Every structure is written in C-alpha cells, then in structure tokens.
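Undergrad: please find the sequence and the predicted model below.
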Amino acid sequence: MFEPFHVTGPIRDLAVMALVSALGTGFFMAGSALFFVEVVGLTPVETSIGMSAAGFTGFVAAPLLGQFSDRFGARRVYKVLTLVQAALFLAYPWVSSFPLFVAVVCAVAAAEFGAVPAWASLVAECVPADIRVETRGKYRALVNLGLTVGALATSVVIAVGTAGAYYSLVVGNGLSLVLCVLAAGRLPDVRPKPHSPGAPQFAALRDGPYLSVVAVSAVLSMHGAVLAVVLPLWIVGNTSAPSWFLPLLMTVNTVLAIAFQVRVSSLAPTWRHAARLARWSGLFLTGSFAAFALTGRIGGLPLAALLLLGVVLLTAAELGQSASAWGLAYDLAPPDRQGEYQGAFALTMPVQSTLGPVLGALVLADRGGLGWLPLGALVLVASWLVVPFAYRSAARLATPAESPLVASEKRSVS
C-alpha cells in the first residue's frame with residue numbers, strides 16, 4: 001500500500017508531501033472550531049459564517065489560480081501558494097476580530113484551493129501516465145492515514161485546553177506546510193508547455209463537455225457531505241442507535257479507505273475505465289442510501305447491520321469516485337492546460353460540500369426515511385450520465401486515428 005516510500009525520486013517526494021500535509025491538516029482541523037471559539041473569541045455563528053465565506057472563496061480561486069501552473073510552472077506556483085498558507089496560519093494568533101478572521105480564513109482558502117490544481121499538475125509532471133491514478137490512490141491512502149494520526153494528536157491539545165496548547169494547532173500546521181515547500185524544492189522544475197495557438201483565456205470554464213463531467217462528478221462526490229454531515233445527524237435524530245456507534249462507523253470508513261484505495265485506483269488506468277468506475281460508484285452510493293433509509297424504522301441488531309452495510313457501500317462509492325475523478329480529470333484535459341483544467345475539476349469539492357448539506361435537509365425532514373429517495377434518484381441520474389458525458393468530452397481531444405475508436409465504444413455503451 002505504501003509502495004511510494006520504497007522508490008526514490010519525485011514519486012517518493014510527493015508521497016512525503018502528501019503525508020506531512022495531511023498530518024498538519026488533521027492536527028488543525030480536528031480542533032479548529034474550538035480554537036476559533038475558545039482562543040480567538042468568536043461565536044459559533046461567526047465561525048460558521050467565516051467558513052462559508054472561505055468555501056465560496058475557494059470555489060472562485062481554484063479555476064482562476066489553476067491556470068497559473070500552466071503559465072509559470074506547477075512547482076513554483078505550489079511553493080508560493082503553500083508558503084502563503086503557512087504564513088497565514090502562523091498569523092492566526094494575532095486575529096482579534098470577526099472581520100479580520102474572515103479576511104484571513106478567506107485568504108487561506110484561496111491559497112489552499114489554488115494549490116490543489118498545482119499539486120495535481122505536479123503529479124501529472126512527475127508520475128508516468130500509466131500509473132498516475134494508481135499513484136494518486138497511494139497518496140490518498142497516506143492522506144487518510146495522516147489525517148487520522150493528526151486528529152488523534154489533537155486530543156492531547158484539547159485535554160490540556162490552554163491557549164498555548166491551542167496555538168500549537170496553527171503553528172503545527174504552518175510548519176507542516178513549510179516542510180512541504182522544502183520537499184517540493186527537490187522536485188524537477190518542469191518548464192510550462194506552450195499553449196495551443198489561438199487558445200482562449202479560461203478555456204476550461206468555456207469547455208462545456210468537460211464541465212458536464214465535472215458537474216456529474218460533483219453529484220457522485222456527495223458521499224463526503226453525507227458521511228460528515230447528513231449521516232451523523234440522521235443517526236442521532238432519526239434512529240435508535242447508541243451514540244458510541246457513530247465513531248465506530250467512522251472508523252470502519254477510515255480503515256477501509258486506507259486498505260483499499262490503492263487497489264480500487266488500479267481499476268481506472270484510462271478515462272474509459274474511470275467513467276465506468278464512476279458509474280459503479282454511483283450505484284454503490286445509491287445502495288448506501290437505500291440501506292440508510294430503512295434504519296429509521298427498525299432497531300437492535302438489524303439496525304446495526306444496515307448502518308454497517310450502508311457505510312461499507314458508501315466507502316466503496318468514495319473509493320471508486322475518487323479514483324474515477326483523478327482519471328477523468330487528467331485524461332480529459334489538454335496536455336498543455338493541466339493546471340487550468342485540474343482547477344476546474346476541483347470545483348467538485350466546494351460544490352458537493354455546499355450541495356450535500358442542502359440536499360441532506362430533505363433527508364432529515366422525513367423521519368421515516370423517504371427523504372433518501374430523491375437523493376438516490378439524483379445520484380442514479382448522474383451515474384447514467386457520466387459515461388456518455390465522458391465520451392463527449394474525450395471526442396473533442398481525439399485525433400483522427402482515435403475518433404473511430406471513440407465512436408465505436410460510444411455506440412457500445414449507448
């Protein structure tokens with residue numbers, strides 16, 4: 001699973017960056033709400049408003065900053081934006097008012113979401129195309145491990161409970177980002193590829209076929225919002241499951257994600273495989289919704305079994321959707337505009353994090369479980385559309401020699 005550590009060169013450096021960044025992120029995120037309330041002095045409502053503003057900022061920043069990687073080089077852009085993040089985290093102890101908090105957290109989000117396409121471009125530059133998605137899967141397993149270990153370390157900070165202990169959250173995350181910048185300095189400095197003659201600005205945001213793939217992928221990525229927000233609220237308010245069962249389900253999800261992400265990622269070596277894997281992930285996600293829908297009417301061991309089944313299916317959807325998204329994002333993007341197109345595909349993150357809780361309100365409004373049905377129907381539609389949308393997007397990149405194959409395979413799936 002952790003094969004990247006047994007190789008040398010850029011693949012290993014990227015693996016170290018993924019793990020170190022995740023350790024810092026997990027350490028900070030697990031205690032961030034308490035830091036803002038207990039140390040900065042914000043109210044929970046002010047914290048929520050600031051985080052919402054940061055999410056919108058990230059939504060705007062990802063596609064805008066993504067094109068900088070194509071123009072100035074992915075390594076340079078990643079280092080600059082990550083250093084900006086580190087400086088802003090180290091500035092959190094001096095945040096003393098709500099307006100200043102909003103300004104800093106939005107600047108952090110802009111740098112963070114802007115670095116996402118730069119990171120993806122680094123992987124595209126440093127990892128051979130035939131193992132790119134599988135390698136992303138290995139990095140994802142390391143990220144899940146880092147987030148878990150970082151979050152566990154936060155429990156010590158919360159137990160101590162002093163302002164100095166809480167300051168270690170932002171300092172620790174800031175230092176982890178500095179280490180990532182140092183590791184990025186070891187990566188090859190790949191010269192940006194010249195754009196095609198006459199290529200327009202913001203081509204990714206004008207690329208309807210590609211954006212249609214982004215849109216359905218955003219729906220299929222709703223598993224994140226369901227696991228983090230909707231399912232916990234559903235279990236607490238609509239089932240008779242004991243409160244201790246929720247952490248157990250989260251642990252099952254984490255263990256399965258670490259254990260199987262690499263294996264599932266190997267199923268998406270090309271965009272065609274990725275599109276079909278995305279369809280399967282949607283079916284698994286719909287199955288998890290069906291299992292959760294039944295939990296509002298039963299109790300005891302059947303309730304526990306259905307919740308466990310639902311989380312296993314949800315995790316299968318998560319693993320498949322993640323791998324399919326990497327394959328589609330890379331292979332359907334023009335080679336000279338990887339950064340810009342990775343930025344456009346990164347829109348799935350703020351979209352699903354916004355759309356998921358809103359749709360989750362439909363689920364929570366009906367205690368009997370019928371609210372899961374429209375959510376499942378939406379996912380089924382996205383599952384059906386993702387394959388033809390992917391073929392339509394690939395057709396615009398196909399060379400004359402590839403076009404008959406694309407047309408033939410498109411007829412075979414219609």
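TA: That came through fine.
Undergrad: quick check: longest helix in the protein by residues?
TA: Longest helix in the chain, counting residues (DSSP state H): helix 300-331.
Undergrad: please work out the average pLDDT along it.
TA: Mean pLDDT, helix 300-331: 95.
Undergrad: what's the answer for stretch 84-99, then?
TA: So the average pLDDT for stretch 84-99 ends up being 91.
Undergrad: do the same with stretch 61-81
TA: When pLDDT is averaged along stretch 61-81, the result is 89.
Undergrad: run the chain-centre distance for it.
TA: Relative to the centre of its chain, stretch 61-81 is centred 18 Å away, using C-alpha atoms, centre = their mean, to the nearest Å.
Undergrad: do stretch 205-219 as well
TA: 16 Å.
Undergrad: what comes up buried for it?
TA: By neighbour count on 16 or more other C-beta atoms under 10 Å, the buried set for stretch 205-219 is 205, 207, 209-219. Every residue, glycine included, has its C-beta placed from N, CA and C.
Undergrad: between those, which is nearest Leu328?
TA: Here the nearest of those to Leu328, counting by C-beta to C-beta, is Val213; it sits at 5.6 Å.
Undergrad: what sits against that closest one?
TA: Applying C-beta atoms under 8 Å, 6 or more residues apart in numbering to Val213 gives the contacts Leu328, Leu332, Val386, Phe389, Ala390, Ser393.
Undergrad: so which strand or helix has the residue lying closest to the second one once chain neighbours are set aside?
TA: Across the structure, with C-beta to C-beta, 6 or more residues apart in numbering as the measure, the residue nearest Leu332 apart from its sequence neighbours is Ser393 (4.7 Å). Taking DSSP states H and E as the criterion, Ser393 maps to helix 372-395.
Undergrad: what angle do that helix and helix 300-331 make?
TA: Angle, helix 372-395 to helix 300-331, by axes from the mean of the first three to the mean of the last three C-alpha atoms, to 10 degrees: 20 degrees.
Undergrad: turn the buried residues of stretch 205-219 into CSV, including distance to Val40, secondary structure and pLDDT.
TA: As requested, the buried residues of stretch 205-219 are exported to CSV (distance: C-beta to C-beta, whole Å; DSSP: H, G, I helix; E, B strand; the rest coil; pLDDT from 0 to 100):
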residue, distance to Val40, secondary structure, pLDDT
Leu205, 35, helix, 84
Asp207, 41, coil, 91
Pro209, 45, helix, 94
Tyr210, 40, helix, 95
Leu211, 38, helix, 94
Ser212, 41, helix, 96
Val213, 40, helix, 96
Val214, 35, helix, 94
Ala215, 36, helix, 93
Val216, 39, helix, 95
Ser217, 35, helix, 95
Ala218, 32, helix, 92
Val219, 35, helix, 92
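Undergrad: what's the closest of those to Ala228?
TA: The closest of the buried residues of stretch 205-219, once distances to Ala228 are taken by C-beta to C-beta, is Ala218, at 15.6 Å.
Undergrad: what sits against that closest one?
TA: With C-beta under 8 Å, 6+ apart, Ala218 has these contacts: Leu347, Thr348, Val351, Gln352, Leu355.
Undergrad: kindly indicate the member of those with the most neighbours.
TA: Each of the contacts of Ala218 was scored by neighbour count (other C-beta atoms under 10 Å); the top score is that of Thr348, with 25 neighbours.
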